[in-house]
Structure formats: structure tokens, C-alpha cells
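# what follows is a predicted structure for the sequence shown.
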Amino acid sequence: MGRHSLPDGLEPETTGARTNSRRRTVVISTALVLAVAAGSVVALRSGLLPIGGPCGGDSVPLNVVASPDIAPAVEAMAGKARKDAIRTDGQCLDVKVTARVAHEVADSLGQRPARSEFQVWIPDSSLWVDQVGAERGTPLTAAGTIASSPIGLGAVPEAAKELGLSERDFSWSELSRAATSGDELRLGMADPAHSATGLLALARINASNAKKAKDDDEADIRTASAAKLLYQRAADSDRQALATLPHDSSGATGNSRRNEALLLSEQAAHAHNTGKDNGPDLELFSPRDGGAQLDYPYTLVDDDQLTAAQTRAANRFMTLLGGVDGQRALRERGFRAGNGEPNDKITRAAGGRVPQPYAAGLDAPPAPKELQALLGKWTSTVQSARIATVVDASPSMAGQVPGLGRSRMELAKGSLLKAVESFTPDDEVGLWKFSTLLDGTKDYVELSPTTRLGERGEGGETHRDELTAALNSLAPVPAGANGLYDTTLAAYEQATKRYVNGKLNTVVIITDGTDDDLGSIGLDQLVDKLKKAADPARPVPLIALAIGPETDQAALDRMVAPTGGSAHRVSDPSQIHEVMLKAITKAGSAGLR
């Protein structure tokens, strides 16, 4: 997009803020402030009230809670107001600023306290204000936007050079694939559950995937795959995410525990590059297919309960933040004006090029319901899982898949190996195989127990290594049959007995046929026993993946129903991992409701 320097004077404030039943937008400029107080509209013009001079008598206190990144600039203006004896209603304005992360404030306001201890809240994004409104919490009035900062990719120079970021542009979808394809890019972010930067970046990745994918299912799978791997390098907060970068140039690419790049705001990159002892400067890049930004809404808290003096004090302080000195204090700390107008000096200090090599503007932020749905998808996807994977090893798995020249078993193994790569060290994954009479009279055998992938054995190998070897050993049993029903019951009963709280517990059955074991318990008896074993308080959804034309979809649907699970037909066994991940994601989302 084009870059143009802003004048040193007053910068525009209007942003086209959204409204809903809990948010009213009040248009405010530095010349005129509309203040809602006791049902009346009060016009405050600079010069209408005394501005400076020694304070006498009582002052008007105003408590402001601000996001930690913008709090220093807000505190600087609070200090200037005290120093210059700025007045409201003839009394000096006494502003106290407290830095608190936005998600914690949103959580507390969502519980609708009887009376908040602060009158103004400046979070880093309107999405937190929307969240409180959606929860019918404390009434909030977003009075305007005092600053903004776009979100992009900040990379250390070595990583930027290796990926050729300076020579080409990229989409959000391409960026997420680079971060999830082996060791191409060690990309970190702040947890979207706690960070507006993280959630808005994830929303852009999701939107970009939707444009690239052939359907919604493929888009969901792409986003879920990216989320699963991004979570492994996610930090709890934006500040902690910055701490994951290398401390010096020698550790930029050599230390695999440190991130080479972050999804972050321009202001965060500016603070990193202009600070002391922060390690290598970042280079900042913006994906070509539209961006997102933090918008820092100046928000009145439960303004119906504010006194007229508090309301006028709040609006008086906002005029200071929107004035020449206030905007200068914000620019010095890397913030753009509230309308998002680019500032070449800020962009260069943040490591960005002027202009960027494309002309894409900022997209409108997703609606609150979309963001909540996306956050639910993130939470369910990254939730630590406990998965017993049960694979059909009957003779039919040796059958060739038309057009692919490989057997169902070979393709299933390759796809499951990809699935294992997408799980985190805290995920617990096990492997069973089944046919008939594999262990005495049992139709099944456990090849690898369901334990943490990151757990190390006596020889130093991880459980992931052991599971990979077990998957590679899978082969059809030449003289066997399909003991699906007995195996399903045994795997499910073990999973319920060994249920782990705080994890998504599930059993995944992969089969290419129907139960043809003459000694089987039968479908009706299996369904009855699964009904008795299922416990809504300790859910273990059963997921069935049918990969052959001989499978009985109706039987699988009946089998999974008592557990709250799902059955899926997979036409190409090489796509098992994608369908499996989608099914697990949906099961996790259902468990959160």
C-alpha cells in the first residue's frame, strides 16, 4: 500500500467504528467532544474552561486502565496534564494510569461487576469490547480510536534472507504453510486466546485459506493444521512472544528453541528495534492479501454510572491524547494515528519497507461471532489430545487403490505418519492393529501404548519415534479376517477406563471393510455395550474412517452414535490425516460447548 508521512500537527481520529447494542460510537475531535452525561450532551471546546495555572482546591480523579503497550504513552500524557495543571470543570485533571493485559480486563468486565474501579479502558483492540458486549457484561461506550498499528510478520535478518522475503511478497496462507512445512521457518505468535494480535493474525490466515481452498472442509483442515503447529511456538502474551527471539545474531538461526520470526504489530516491532539489548533488529513484512490492525478504542466504562464530572474528565483527557502533544507521544512509541494512516518514519524504524511491494489495504475485522467461532476452533485444535488409533490389518488392506499404484495399507501408513507429525509433544497417541486371532483369541494387539509423544524411554528415544516405527511396521495379515466389532469395544473400554481429564480423549478406527468374524459380538450387542460405557461427564467420541467401497456406512454410523462421535468415508487413503484432523477438531469443539 502507498506510504505517506503524516503532518506534525493534529492527526485525524475518525475510523468508522462499528456499533452494536452495547457499544455506542461518539465522534470526537480535538476541537469538539460530545460527552453523554445524565442524558445531556455537553460540548467541550479548548479554551472554554481554564487550561493551565496552579491547581487550587480539589482535583478531578480519573482512573484509566490501558493495554501494556500503549500505557507508557498514556502515562506520559497523564503526567503532562498534571505538570501543566490541565483543568476540567475548573479543577485540575488527575489521571492515574494502570497497565493491564486486555483479555484479563475483558474477563472481569464480562462478569458485570457492580461498579468498576476505573472509568476508562484502552484495550489494544475493539474485539475485547465486543467480547464484553456479547457476554452482556459491563456496559461499555467506545468513544473513538486514539491509535492503531497494523499486524504483520517480523523476522530476524538471517531468516528473512533465507526465505527471500525481501525479494518477493506472500499471502497469509503461504506464510502459514512455510511455518508448518518442516523447519522452513520457526514462526512464533502470542496465544490467540489471550492476544488480539494472535487472534487477528489467525483470522487472516483462516480467510486466506478460505480463498485458496476448494471448499470449506479443506479450508478448515488447513487452518487447523497451521494452528496445531503454530501452537507449539506460541507464547502466553505479546511481550513473552518477543522474548522468544534470539538475544544476539549468533543465535538467530542456530538455536532451534528460539523463534526466527513472529506475527506481531508494527508497534511491537518498533519497540523491539528501538529498545536496548533486544537482540537483532527485525525486518517487518505485510502479507499481500490484506491486513489486520490493532485499533486501541478509548472506552468509557459503565458510563451510565459515571458522574457528570467523571464523564467530562474522561472526554477532556481524550482531547489531550488526540491533540498534537498526545499524538506526538504515541508516534514516538511507534503508534500510527487512529485512522491507520501510514507513517514512513514509524514503518522504517519497525523494519518495514516504504512502500511495501503491493497495494493491499486493511480488511474490515471479522464480526464478533466469527472471531468467537475461530477462537473455539483454535482452542479445540490445540487442546492436548489423547488418541488411540486403531488400524485395520485384514487381508483387504493389501488391495491396490486404482490410479495410485499403492495399497490401501501403504497409503494409510503414509497419511498417519503425517498426522503424527502434526501433534505436539504433550499429545498422547497410541496404535492398535486388528484382524482376527492376533493375540490368542483376541482380534487385536496394541503396538504402541497411548502416552505422551514427547516422553522418552530408557534408550533416549521419544514415544513419537517409537510410534513412527510401529506405524512403519504395519502390514496386512494374509490369513486374517475383519474383527471390527470386538476390537472397537476393547479399544473403547480401555479409553474410558484410562480417561485423562483436561485432554480430548478419543478413539479413531480406520477400516476398509465390514466385520466378518464369525465369533464377533455383532453390531446390536456392540451398540448396547457402547451405550453403557459412554459417560457424558467423561466423553470419549469414537471416530470411524471408512476407506474402502466394501465398508458399511450405516453400521459405522450406528456404532459411533452412542459415543457422540462421527463416521467419515475417505475416498483416498492418503488423505486420512486431513479427515482425521478435521474430525478430531470437530469433536473437540463439541466437547467445549
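Great, that's in hand.

# what is the mean pLDDT for whatever helix or strand residue 317 lives in?
Counting by DSSP states H and E, the element that carries residue 317 is helix 308-322. The average pLDDT within helix 308-322 is 95.

# I'd like to know which elements the helix or strand just after that helix is packed against.
Per DSSP H and E, the first helix or strand lying C-terminal to helix 308-322 is helix 324-332. Counting contacts by 3 or more C-beta pairs under 8 Å, 6 or more residues apart in numbering; DSSP states H and E, helix 324-332 is packed against helix 71-83, helix 308-322. Heads up, the C-betas are built off the backbone N, CA and C, glycines and all.

# give me that answer again for 10 Å
helix 71-83, helix 266-274, helix 308-322, helix 344-349 (3 or more C-beta pairs under 10 Å, 6 or more residues apart in numbering; DSSP states H and E).

# dump those into TSV; add mean neighbour count as well.
Putting the helices and strands packed on helix 324-332 into TSV (neighbours: other C-beta atoms under 10 Å) gives the following:
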stretch	mean neighbour count
helix 71-83	19
helix 266-274	24
helix 308-322	23
helix 344-349	18
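
# export those to JSON lines and tack on distance to residue 382?
Shown next, in JSON lines, are the helices and strands packed on helix 324-332 (distance: least, C-beta to C-beta, whole Å):
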{"stretch": "helix 71-83", "distance to residue 382": "29"}
{"stretch": "helix 266-274", "distance to residue 382": "22"}
{"stretch": "helix 308-322", "distance to residue 382": "37"}
{"stretch": "helix 344-349", "distance to residue 382": "32"}
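
# so which of those gets nearest residue 120?
Residue 120 lies closest to helix 308-322 among the helices and strands packed on helix 324-332, at 5.2 Å (C-beta to C-beta).

# sec struct for residue 263, please.
Secondary structure of residue 263, reduced to three states by DSSP: H, G, I helix; E, B strand; the rest coil: strand.

# what does residue 539 give?
Three-state assignment for residue 539 (three-state DSSP): coil.

# so it makes contact with residue 492?
No - if you go by C-beta atoms under 10 Å, residue 539 and residue 492 don't touch, sitting 11.9 Å apart.

# overlap in contacts of the two?
506, 563, 565 (C-beta atoms under 10 Å, 6 or more residues apart in numbering).

# among the residues you listed, which are in strands?
If you go by DSSP state E, these have residue 506 in strands.

# closest to residue 216 among the shared contacts of residue 539 and residue 492?
For those, the nearest to residue 216 is residue 565 (20.8 Å; C-beta to C-beta).

# so where is the stretch 51-200 of the chain shaky, pLDDT-wise?
Where the stretch 51-200 of the chain drops to pLDDT under 70, the residues are 51-57, 113-115, 179-184.

# and what of the stretch 251-400 of the chain?
By pLDDT under 70, the low-scoring segments of the stretch 251-400 of the chain are 251-256, 356-363, 380.

# neighbour count winner among residue 539 and residue 492?
residue 492 (26 against 18; other C-beta atoms under 10 Å).

# contacting residues for that one?
Counted by C-beta under 10 Å, 6+ apart, residue 492 has contacts 388, 390, 506-507, 509, 526, 529-530, 533-534, 540, 542, 559, 562-563, 565.

# leaving out chain neighbours, which residue sits closest to residue 334?
Spatial nearest neighbour of residue 334, excluding adjacent residues (C-beta to C-beta, 6 or more residues apart in numbering): residue 270 at 2.9 Å.

# please report how far that neighbour lies from residue 349.
As for residue 270, its distance to residue 349 is 5 Å (criterion: C-beta to C-beta, to the nearest Å).

# which neighbours do these two have in common?
Joint contacts of residue 270 and residue 349 (C-beta under 10 Å, 6+ apart) are 284, 334.

# picking up where we left off before, among the contacts of residue 492, name the buried ones.
388, 390, 506-507, 509, 526, 529-530, 533-534, 540, 542, 559, 562-563, 565 (16 or more other C-beta atoms under 10 Å).

# and of these, the nearest to residue 242?
Ranked by distance to residue 242 (C-beta to C-beta), these are led by residue 506 at 35.7 Å.

# just checking, that closest one touches residue 538?
No - contact between residue 506 and residue 538 fails when scored by C-beta under 10 Å: they sit 12.0 Å apart.

# common neighbours of those two, please.
Residues touching both residue 506 and residue 538 (C-beta under 10 Å, 6+ apart) are residue 495.

# out of the helices and strands packed on helix 324-332, which is closest to residue 159?
Closest approach to residue 159 among those (C-beta to C-beta): helix 266-274, 13.9 Å.

# what helices or strands is that closest one leaning on?
strand 149-155, helix 238-242, strand 261-265, strand 283-285, strand 292-294, helix 324-332, helix 344-349.

# give the helix, strand or coil label for the residue nearest the centre of the chain.
Centroid-nearest residue in the chain, with C-alpha atoms, centre = their mean: residue 192, separated by 3.2 Å. Using three-state DSSP, the structure places residue 192 in coil.

# picking that back up, nearest to residue 141, of the contacts of residue 492?
Nearest to residue 141 out of the contacts of residue 492 is residue 506 (C-beta to C-beta; 44.7 Å).

# ok, the closest one - contacts?
Neighbour list for residue 506: 385-389, 492, 495, 539-543, 563-565, 580, 583-584, 587-588, 591 [criterion: C-beta under 10 Å, 6+ apart].
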